[in-house]
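Colleague: what would the 3D arrangement of this be:
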Amino acid sequence: MPAFEQQWAGALEESRATFSLAPLVVQDWQARLAHAPAVDAFIASGYDDSEATNMAELRGRRR
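Modeller: Residues are numbered from 1 along each chain as shown. Here you go, the predicted model:
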């Protein structure tokens, strides 16, 4: 997971630069890590997600 590792490194650097935001960054990454096994299982299952909802598209509609 190179992208995950890059994001993790970026989050750590951001938390060092902005210590006041560190608790929020840590909470976000703890949640990501907690869900990583489920994401891995989903990807490994080969489940067809072609009918999934694009969250970015939904967010754009709400603005």
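
Colleague: what about the helices in this structure?
Modeller: 2-17, 22-45, 55-62 (DSSP state H).

Colleague: where does the protein dip in pLDDT?
Modeller: 1, 19-22, 61-63 (pLDDT under 70).

Colleague: re the thing from before, got TSV for the helices of the chain, with mean neighbour count too?
Modeller: Every C-beta, even on glycine, is put in place using the N, C-alpha and C of the backbone. TSV is the format used below for the helices of the chain (neighbours: other C-beta atoms under 10 Å):
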stretch	mean neighbour count
helix 2-17	11
helix 22-45	11
helix 55-62	8
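
Colleague: give me the distance between the residue nearest the centre of the chain and residue 51.
Modeller: The centroid of the chain falls nearest to residue 32 when counting by C-alpha atoms, centre = their mean (5.4 Å). Residue 32 sits 24 Å away from residue 51, going by C-beta to C-beta, to the nearest Å.

Colleague: same check, this time on residue 16
Modeller: For residue 16, the distance to residue 51 (C-beta to C-beta) stands at 41 Å.

Colleague: how about residue 59?
Modeller: Relative to residue 51, and taking C-beta to C-beta, residue 59 is found at 19 Å.
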